[in-house]
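K.L.:
Following is a predicted model, sequence given first.
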Amino acid sequence: MLEIKNLHVKLEEEDKQILKGVNLSVEAGKVHAIMGPNGSGKSTLSYVLSGRDGYEVTEGSATLEGTDLLELEPEERAAAGLFLAFQYPVEIPGVGNMTFLRTAVNAQRKARGQDEMSAADFLKEVRARAKDLKIDAEMLKRPVNVGFSGGEKKRNEILQMAMLEPRMCILDETDSGLDVDAMKLVSDGVNALRSEGRGFLVITHYQRLLDHIQPDVVHIMANGQIIKTGGPELALEVEKNGYADILNEVA
Amino acid sequence: MAVPDRRLSETDARLEGLRMPEGGWAAPARQDALARVQAMGLPQRRDEYWKFTRPDTLAQVEPPKAGLFHSDEAPMYDGIDRLRIVFVDGVFDAAQSDDLALEGVSIERLAEVGARDIHWAKDLYGTLEARGQVPVARPFAALNTAFAEDGVLIHVTGRPSRPINLVYMHQSESSDAILHNVIKVDAGAEATILESGPAAARFNKCTEVDIADTGRLHMVRSQGRDHERRAVTHIFARLGAESVFKAFTLTMNGVLTRNECVVELTGDDAVAHVAGACVGDGDFHHDDTVFVTHDAVNCESRQVFKKVLNNGATGVFQGKILVKAGAQKTDGYQISQSLLLDGDSQFLAKPELEIYADDVACSHGSTSGAIDEDALFYLRSRGVPEGPATDLLTLAFLGEALDEIENRDLAEHLLERLNNWLARRR
Ligand SMILES: Nc1ncnc2c1ncn2[C@@H]1O[C@H](COP(=O)(O)OP(=O)(O)OP(=O)(O)O)[C@@H](O)[C@H]1O
Ligand SMILES: [Mg+2]
């Protein structure tokens, strides 16, 4: 589903190489996790895949179901089915959460040649999804993420994901800032979306999240590369021993 | 040494071409105003109060031509039940206007009742304008008082069931219109005045507003979309105790607009909100000049101005809060912000506070910025294309100004107009 080959990325503004040949392939129906030390390039990978400005791909490729992602505008990537749950969700003063969601849902439907969702259907759908994530009506009315707590922002990301029904979901540290109960809610939300046709790339620092969202494959990223790939046991190893052993092993 | 006094000669040339209506209750006020404008002279480019806006095309004898804008959009305020009074290039159009009878208000035309000997407007006509000439001269307003042949005299005695819509149509490419309105609101009375349209190639409008204790007046105007039109407008409002005055202006297009608003809070516990949103693309210069004087206890004033500028458009804000000695417990707020959509556009702001009382809370701020790139990327990453995403953020920016409109239906109506304006530019 998602194929990343030998991806090299540097910063546009300065001569700093951040990704140094990432190879990764996420199959439909599977959950892949990426762990790795701070600054290893995990968020950069997620931003480059979703099309944020400021990075330059110097080598390699990234495709989603055969479509070259790197050629597309961010909104086209979204319409193609890519979704990134941000590590730091953005606040948008003056734009109501509900308006934001409806605009996004309808923009994607339009891009796919579908009719807009009726206001009534949309409302029903949002209410149901929001309820599962314990997002109350007041939070839906407020401006996007403004004044939301860390955990509320993360739940709001999952609400967007649930409404947009993407094919490939990238979750960048969605667990950070969540209390124990919220972690369960968010994981349930993600698990409910797991299906044969959908792939997940879950970036996290902690085994805790992976207890709830059980990965099929675990990758370790360090210094801009995937240095080790294994099964769920790899996450347990990191949890127990940190990265030192793995880094030494590779070096 | 012999520098010819350009101000004097230009002022004389301009006044020479104008005809002052003769006789009637307004005659003394007109004569006084003529003396004022002759003494002040029309603004010159080097005048401090005009340092951001060139007055020459507003002052010259003939206005530059302004092409007509044809739109297939429904008329402004369409769908809102309102009483329409139509002026075409500054000339009253009876055929397009509604019957002026409405319960709770008396509406008359200056041209129709100006020849009478007595009229309630005599105490106000030119009086509030003259008060507003200190400490800063506003010569175009004095010129207006002296020469305006028409306008409306509105006396609000109750609570009219419908808003009154002054519609200013523009049909001649070289029209030069001068209109003078007087609005008097009695104690406990309340009305909404809507204004719309470009009015003329060049429009000089002066509105004097007198609100008695506990009266309330809402004004919402939209200044017509003709690209080449020019306007210099003044509002002079005097507020009694516990009265409320709220004025909002939407400006889309217009090569030159200077909107001055002079508010005097003379009774305790009065509230004045003056706000505006403008969007300009290209050859667009928009100037909001506001002067609020607190001269009573426990009054609140708010100035909220937002400008979206693109393709080299220019926005100007000169706003002042003057708190006189004794105007304790004043709550004064002023914000002016611009959203610059390109590097060629500019926003020039001069916010001022002058405070002579010690127990006051006044704040002011002015900012200029571009679209928030993070917010834009966030929207795009959710599938919203760049154009609509930019529009959404632009409307959000303007929202704070539109929030000042008390009537939500009206606010929604204006928002829709803005949305269409933005969408057409994509
Ligand atoms: N725009 C930028 N300007 C400067 N440095 C950047 C920029 N973006 C990323 N970097 C640098 O690239 C490296 C990788 O950053 P990235 O955010 O991808 O790490 P990460 O693996 O997500 O870390 P964390 O686990 O802390 O979230 C870091 O050294 C970071 O400082
Ligand atoms: Mg990160």
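P.N.:
Alright, I've got the coordinates. Ligands and ions are numbered 1, 2, ... in the order given.
K.L.:
Can you name the residues bridging to the residue nearest the centre of chain B?
P.N.:
Note on chain B: the residue nearest the mean C-alpha position is B:N259, at 4.4 Å, using Cα atoms, centre = their mean. Listed by DSSP bridges, the beta-bridge partners for B:N259 are B:T233, B:D288.
K.L.:
That one touches B:T289, doesn't it?
P.N.:
Yes. Counting by Cβ atoms under 8 Å, B:N259 does reach B:T289; the two are 7.1 Å apart. C-beta: built from backbone N, CA, C; applies to glycine.
K.L.:
ok, now which ones touch B:T367?
P.N.:
B:336-338 (Cβ atoms under 8 Å, 6 or more residues apart in numbering or on different chains).
K.L.:
at 6 Å what do you get?
P.N.:
Contact analysis of B:T367 by Cβ atoms under 6 Å, 6 or more residues apart in numbering or on different chains lists B:Q337.
K.L.:
Give me the pLDDT value at it.
P.N.:
Reported pLDDT at B:T367 in the predicted model: 97.
K.L.:
and the gap between it and B:H285?
P.N.:
Applying Cβ to Cβ, to the nearest Å, the value for B:T367 to B:H285 is 20 Å.
K.L.:
Kindly report the same for A:V95.
P.N.:
Relative to B:H285, and taking Cβ to Cβ, A:V95 is found at 29 Å.
K.L.:
again, but for B:A212
P.N.:
Taking Cβ to Cβ, one finds B:A212 at 37 Å from B:H285.
K.L.:
Equivalent analysis for B:L166, please.
P.N.:
From B:L166 to B:H285 the distance is 24 Å (Cβ to Cβ).
K.L.:
can you tell me which residues contact the residue of the stretch 51-200 of chain A found nearest chain B?
P.N.:
Closest approach between the stretch 51-200 of chain A and chain B, counting by Cβ to the nearest Cβ: A:G94, at 2.9 Å. Residues near A:G94 by Cβ under 6 Å, 6+ apart: A:143, B:396, B:399.
K.L.:
just B:A26 next, same as before
P.N.:
B:A26 touches B:114, B:125, counting by Cβ under 6 Å, 6+ apart.
K.L.:
how about a cut-off of 8 Å?
P.N.:
Counted by Cβ under 8 Å, 6+ apart, B:A26 has contacts B:110, B:114, B:119, B:121-122, B:125-126.
K.L.:
Quick check: what element follows the helix or strand hosting B:P388 along the chain?
P.N.:
Using DSSP states H and E, B:P388 sits within helix B:386-402. Later in the chain than helix B:386-402, the nearest helix or strand by DSSP H and E is helix B:408-424.
K.L.:
got a list of what the closest residue to chain A within chain B touches?
P.N.:
Of all residues in chain B, the one sitting closest to chain A is B:A396 (2.9 Å; Cβ to the nearest Cβ). By Cβ under 8 Å, 6+ apart, B:A396 lies in contact with A:92-95, A:143.
K.L.:
hang on, the earlier thing: look at B:L166 and B:H285 and report which has more neighbours.
P.N.:
Neighbour comparison, B:L166 and B:H285: the larger count goes to B:L166, with 26 against 19 (by other Cβ atoms under 10 Å in any protein chain shown).
K.L.:
Setting aside sequence neighbours, what's the nearest residue to the more buried one?
P.N.:
For B:L166, ignoring the flanking residues on the chain, the nearest one in space by Cβ to Cβ, 6 or more residues apart in numbering or on different chains is B:E195 at 4.7 Å.
K.L.:
Measure how buried the closest residue to ligand 2 within chain A is and give me the count.
P.N.:
Nearest residue of chain A to ligand 2: A:S43, at 3.1 Å (Cβ to the ion). A total of 19 residues lie near A:S43 under the criterion other Cβ under 10 Å.
K.L.:
got it, and B:R382?
P.N.:
26.
K.L.:
Quick one: classify the residue nearest to it when sequence neighbours are not counted as helix, strand or coil.
P.N.:
The shortest distance from B:R382 to any non-neighbouring residue, by Cβ to Cβ, 6+ apart, is to A:A104 (3.9 Å). Look at A:A104: counting by DSSP: H, G, I helix; E, B strand; the rest coil, its state is helix.
K.L.:
For B:Y378, see how far away A:A104 is.
P.N.:
10 Å.
K.L.:
Which strand residues bridge the closest residue to B:M169 other than its chain neighbours?
P.N.:
Once flanking residues are discounted, B:M169 sits nearest to B:V88: 4.5 Å by Cβ to Cβ, 6+ apart. Note on B:V88: beta-bridge partners B:V91, B:M169, judged by DSSP bridges.
K.L.:
Settle this for me: B:V88 is touching B:Q171, isn't it.
P.N.:
Yes. Using Cβ under 8 Å, B:V88 is in contact with B:Q171, at 5.4 Å.
K.L.:
check which helix or strand covers the residue of the stretch 51-200 of chain A closest to chain B.
P.N.:
Following DSSP H and E, one finds A:G94 within strand A:92-96.
K.L.:
And for B:S338?
P.N.:
Going by DSSP H and E, B:S338 is part of strand B:331-340.
K.L.:
Next, the angle from that strand to helix B:386-402.
P.N.:
160 degrees (axes from the mean of the first three to the mean of the last three Cα atoms, to 10 degrees).
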